[in-house]
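Visitor: The sequence and its predicted three-dimensional model are supplied below.
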Amino acid sequence: MKQLLLLRHAKSSWDDPDLDDFDRPLAERGSRAARLMGRELAARGWLPDLALVSAALRTRDTWRLVAAELPVQPRIAFVKALYDASAADILSQIGQTDASSGCLLAIGHNPGLEDLARQLAGPGSDAKALARLEEKFPTAALARVVFEGDWSGLSSAPLTHCVHPKDLG
């Protein structure tokens, strides 16, 4: 069984209006949420073998804080193509994942990440998780799908969880 974890970057800072969008750091609230999500991944045993992370600063910062909470560090790839990517583009990157990876974490941006989570949520999805996903997919939200098969064949899978940072305290 493979699992895909889709994590939206944590809340970014808009304090410096002269910064390019790509270079925006996390806000303090985002830093707290990223650490919370990292602890939640560790507590649930959702430990990625590989993390695909958008190369934007806020996604790299999110990853750094999440990774600090994990007991084992996965392979990491910073992927510029994940910045401002559509659902199809994100899925294409996921499809290139080596078959040996059992758990993949993708950290990216909306609307592409949320669109992908909704697109993938197929038969057998948890009703509560679907409702949470439909309600909102805020910064630092996490969607989890599980499936059997190869990453390249992923098109639909049961959504098992949709976790928002405010759910964690």
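Guide: Yep, that arrived. Note that the structure is a prediction, hence the values are computed from the model and not measured.

Visitor: Next one: the residue of the chain positioned farthest from its centre, what pLDDT does it get?
Guide: Distance from the C-alpha centroid of the chain peaks at residue 18, with 27.2 Å (CA atoms, centre = their mean). In the prediction, the pLDDT value recorded for residue 18 is 90.

Visitor: Show the secondary-structure elements that the helix or strand encompassing residue 60 is packed against.
Guide: Element membership for residue 60, per DSSP states H and E: helix 57-67. Judged by 3 or more CB pairs under 8 Å, 6 or more residues apart in numbering; DSSP states H and E, helix 57-67 is in contact with helix 28-44, strand 50-54, strand 75-79, strand 103-108. No exception for glycine: its C-beta is placed from N, CA and C like everyone else's.

Visitor: Tally up the residues packed near residue 125, please.
Guide: The local packing count at residue 125 equals 18, with neighbours defined by other CB atoms under 10 Å.

Visitor: What of residue 123?
Guide: Burial of residue 123 is recorded as 7 neighbouring residues (other CB under 10 Å).

Visitor: Distance of residue 24 relative to residue 115?
Guide: According to CB to CB, to the nearest Å, residue 24 stands 21 Å off from residue 115.

Visitor: just to revisit the earlier point, now the helices and strands packed on helix 57-67 in JSON lines, with mean pLDDT?
Guide: Putting these into JSON lines (pLDDT from 0 to 100) gives the following:
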{"stretch": "helix 28-44", "mean pLDDT": "98"}
{"stretch": "strand 50-54", "mean pLDDT": "98"}
{"stretch": "strand 75-79", "mean pLDDT": "97"}
{"stretch": "strand 103-108", "mean pLDDT": "98"}
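
Visitor: and of these, who's closest to residue 136?
Guide: Comparing those by their distance to residue 136 (CB to CB), the top pick is helix 28-44, with 14.0 Å.

Visitor: what residues does the closest one touch?
Guide: Helix 28-44 is contacted by residues 5, 7, 9-13, 26, 47-48, 58, 61-62, 65-71, 105, 139-140, 142, 163, 165, 168-169 when judged by CB atoms under 8 Å, 6 or more residues apart in numbering.

Visitor: let's see it at 7 Å
Guide: Helix 28-44 is touched from outside by 7, 10-12, 26, 47, 62, 65-71, 139-140, 142, 163, 165, 168-169, with contacts defined as CB atoms under 7 Å, 6 or more residues apart in numbering.

Visitor: buried set for the helix holding residue 60?
Guide: By neighbour count, with 16 or more other CB atoms under 10 Å as the criterion, the buried positions of helix 57-67 are 57, 58, 59, 60, 61, 62, 63, 65, 66, 67.
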